[in-house]
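In: Sequence and predicted structure, then a few things I'm wondering about:
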Amino acid sequence: MGTVINFTAVLNERRAAAAQAERDAAHDAANKERIRTAAKSGLALGDLLGKSAEESANAAIRLASFEAERIEQEEREATSQYMPAYCDPDNEYRGSKYDATSNLSMAEIVTRIREDIKAAKKAGALPKDLRTTVSRRNYNVITINIRALPGGMRKYTEDYMLASRNLTQPANRYSGFYSDAFTPEYKAMKEKLESIMSAYNRDNSDIMTDYFDRRFYDYVETTYELDQLIKEVEAVSLEDGE
């Protein structure tokens with residue numbers, strides 16, 4: 001069978017190309033006219049100031065080039081207006097497992113996340129003695145609670161612990177919300193847990209317009225009681241020089 005040619009599509013492509021060529025030609029002509037006008041003005045001004053015609057013409061052409069660049073920049077800015085998230089298909093994030101599980105309930109997603117954590121431990125991507133629980137709060141909040149850190153893992157850096165106990169610097173320099181408060185080992189473990197959850201998520205939010213559109217909100221955290229215990233234990237070991 002011979003190739004079927006879509007003549008309508010071909011015609012539309014040719015019309016679009018011709019229209020673009022006309023616009024480009026008009027733009028070039030306008031730039032040339034601005035340069036000619038500036039050159040003439042420069043020659044006239046050069047005569048009054050006693051400059052040579054060549055010097056005046058070169059200066060005018062340079063000014064005209066700057067003006068053309070300025071106009072092009074304004075045109076680019078005018079055609080690149082901010083697009084809100086709900087109109088911008090490139091803004092949306094979809095996790096690698098979202099499409100395959102988009103029809104599942106939040107309770108089923110929680111179960112999948114628990115299974116993925118177990119698999120990550122088995123594969124060595126997470127410490128085997130890490131203890132976590134996965135729970136759903138409200139209808140669209142999923143939290144991974146760290147119940148016990150792996151043996152030998154510190155949560156907080158030495159600088160953070162010194163600051164929090166006011167031994168060398170004010171405590172408000174650091175906070176548990178800042179990444180530099182955590183040890184590299186704890187951060188890597190936390191990021192792995194976050195990536196397990198985000199694989200099921202979709203997010204098309206836009207903080208610039210306070211527009212929020214995501215499948216669920218996800219958190220990895222330790223309970224307040226455990227966090228206080230961790231700080232006490234790490235502070236004692238720090239004082240003992242361990």
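Out: Arrived safely, thanks for sending.
In: mind listing the strands for the protein?
Out: 93-94, 131-137, 141-148, 202-203, 217-222 (DSSP state E).
In: got those strands as CSV, with mean pLDDT and distance to Thr101 columns?
Out: The C-beta positions use only the backbone N, C-alpha and C, and glycine is treated the same way. Shown next, in CSV, are the strands of the chain (pLDDT from 0 to 100; distance: least, CB to CB, whole Å):
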stretch, mean pLDDT, distance to Thr101
strand 93-94, 89, 11
strand 131-137, 93, 15
strand 141-148, 94, 13
strand 202-203, 90, 10
strand 217-222, 92, 14
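In: Now those in TSV, please, with extra columns for mean neighbour count.
Out: As requested, the strands of the chain are arranged in TSV below (neighbours: other CB atoms under 10 Å):
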stretch	mean neighbour count
strand 93-94	14
strand 131-137	14
strand 141-148	17
strand 202-203	18
strand 217-222	17
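In: Rebuild the ones you listed as TSV, extending it with distance to Ala181.
Out: TSV is the format used below for the strands of the chain (distance: least, CB to CB, whole Å):
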stretch	distance to Ala181
strand 93-94	26
strand 131-137	20
strand 141-148	15
strand 202-203	25
strand 217-222	13
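In: Tell me which of those lies nearest to Ala123.
Out: strand 131-137 (15.7 Å; CB to CB).
In: re the thing from before, Ala17: which of the strands of the chain is closest?
Out: strand 93-94 (34.9 Å).
In: so what strands line up beside the closest one?
Out: Strand 93-94 sits in its sheet next to strand 202-203 (antiparallel), going by DSSP bridges.
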